[in-house]
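J.: Make a model of this:
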Amino acid sequence: MAVAKLTSKGQVTIPKEVRDSLKLHTGDKIEFTVTKNQAIITPVSKKIDEVFGKLFHPDRAAIPVEVFDKTIRKRMKEKFNEGN
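T.: Numbering: from 1, shown residues only. Predicted coordinates for the structure are as follows:
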C-alpha cells in the first residue's frame, strides 16, 4: 500500500508506484471522485477517437494552413513587441 503525506498547502505527492501504475506523467490531469469515506483518483485522458472531428462543422469552409501561419506570426510579433 502506498502512503503520502498532505502538506499545509493541501498538496500531496503521488507515490511513484501509483504514478507508474496509472501511467501518470508531469502535467497530466487527474479527477477526484469522493465517496463517503474515500477518494478515488482517475487519470483524465482523451483518446484520439474521442476528440476526432470535434472541430469539424459542415457549414464552415476549411481554413487554409497559410491563414493559420499568418495569424500566428502576427500574434507572436504583437506579443514580443509589447515590451519594447
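
J.: Show me which parts of the lengthiest helix in the chain are buried, residue by residue.
T.: The longest helix of the chain (DSSP state H) is helix 65-81. In terms of neighbour count (16 or more other Cβ atoms under 10 Å), helix 65-81 has no buried residues at all. Glycine gets a C-beta too; all of them are placed from N, C-alpha and C.

J.: contact partners of that helix?
T.: Outside of helix 65-81, no residue comes within contact range by Cβ atoms under 8 Å, 6 or more residues apart in numbering.

J.: now that helix, how far from the chain's geometric center?
T.: Helix 65-81 has its C-alpha centroid displaced from the chain centroid by 24 Å (Cα atoms, centre = their mean, to the nearest Å).

J.: swap in stretch 62-74?
T.: Remark: stretch 62-74 is offset 24 Å from the chain centroid, using Cα atoms, centre = their mean.

J.: now could you export just the CA positions of it as CSV?
T.: The C-alpha trace of stretch 62-74 is given here as CSV (Å, rounded to 0.1, in the frame of the first residue of the first chain):
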residue,chain,number,x,y,z
ALA,A,62,-11.9,24.9,-44.3
ILE,A,63,-9.3,27.4,-43.2
PRO,A,64,-6.0,27.2,-45.2
VAL,A,65,-2.8,26.5,-43.3
GLU,A,66,-1.4,29.7,-44.6
VAL,A,67,-4.1,31.7,-42.8
PHE,A,68,-3.1,29.9,-39.5
ASP,A,69,0.6,30.6,-40.1
LYS,A,70,-0.1,34.3,-40.9
THR,A,71,-2.2,34.7,-37.7
ILE,A,72,0.4,33.0,-35.5
ARG,A,73,3.2,35.2,-36.9
LYS,A,74,1.1,38.3,-36.3
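
J.: for that stretch, what is the average pLDDT?
T.: Mean pLDDT, stretch 62-74: 90.

J.: can you check stretch 17-33 too?
T.: Mean predicted confidence for stretch 17-33 is 90.

J.: Name the residues that touch it?
T.: Contacts for stretch 17-33 (Cβ under 8 Å, 6+ apart): Ala2, Ile14, Ala39, Ile40, Ile41, Thr42, Pro43, Val44, Ser45.

J.: Checking my notes, Asp59 in a helix, right?
T.: No. Asp59 is assigned coil when assessed by DSSP: H, G, I helix; E, B strand; the rest coil, not a helix.
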